[in-house]
Structures are given as structure tokens and as C-alpha cells.
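Engineer: got a predicted structure here, sequence first:
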Amino acid sequence: MSVYVGNLSYQVTEEALTAVFAEYGSVKRVQIPTDRETGRVRGFAFVEMGTDTEETAAIEALDGAEWMGRDLKVNKAKPKEDRGSFGGGNRGGYGGGNRNRY
């Protein structure tokens, strides 16, 4: 029971987001991802609600609503995709730099 919240202000806090969603039911958890390099909020969050009914009520009420000067995008969160591994593996060709030179 997780809700995706997009187009958030970069000044958003967990407390503020919790307060908004608490109007529609119990908020179990709020996650606001930050950029690894800058530490700045990335502009979206995930809110975990207590029940499907509360989740639906929050989505219907808040999707497209203006908050902190921005129009929110609120919908059911999709499961995280498995993007596979990055790099590594067999690159083909001759391999690394330790090859015999003739």
C-alpha cells in the first residue's frame, strides 16, 4: 500500500508530507529520496498508507492538487523494476590490458 507522489517542492519535509496524507488515513511511512551527490530532495516521494481504502482516498483527493506552489502527481506506486546489473561481465574482444604483445 504505497503511493507515489511526484512534482514535489524541493523544500518538502517528511513531517509536512505526513501531515497532508494523514488527513486521509494512517501514514505508516514516508520516504523522500535525495540525490546522492548533492543531498538535495529529488522531487518525489513514497507514502505508505494503512489500508487500500485510505490510499485510494488520498490519491483521489491529492492527484492534481496544488501544494507548496506545485501541482502534485499522486498515484499508486509501481514495484521497483529489476534493471539488471551495470557493467562487468564479458566485454568480448581481447579482454583486459594483460595480453601478450608480439
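Structural biologist: Ah, there it is.
Engineer: C-alpha only now, for contacts and for neighbours.
Structural biologist: Noted.
Engineer: how about the secondary structure of residue 4?
Structural biologist: At residue 4, secondary structure determined by DSSP: H, G, I helix; E, B strand; the rest coil is strand.
Engineer: isn't it right up against residue 72?
Structural biologist: No: at 10.1 Å, residue 4 does not count as touching residue 72 under the criterion of C-alpha atoms under 8 Å.
Engineer: what do these two both touch?
Structural biologist: Here residue 4 and residue 72 have no joint contacts, going by C-alpha atoms under 8 Å, 6 or more residues apart in numbering.
Engineer: longest helix in this protein, by residue count?
Structural biologist: In the chain, taking DSSP state H as the definition, the longest helix is helix 52-62.
Engineer: C-terminal to that helix, what's the next element?
Structural biologist: Later in the chain than helix 52-62, the nearest helix or strand by DSSP states H and E is strand 66-67.
Engineer: quick one: strands adjacent to that next one?
Structural biologist: Strand 66-67 has the following strand partners under DSSP bridges: strand 70-71 (antiparallel).
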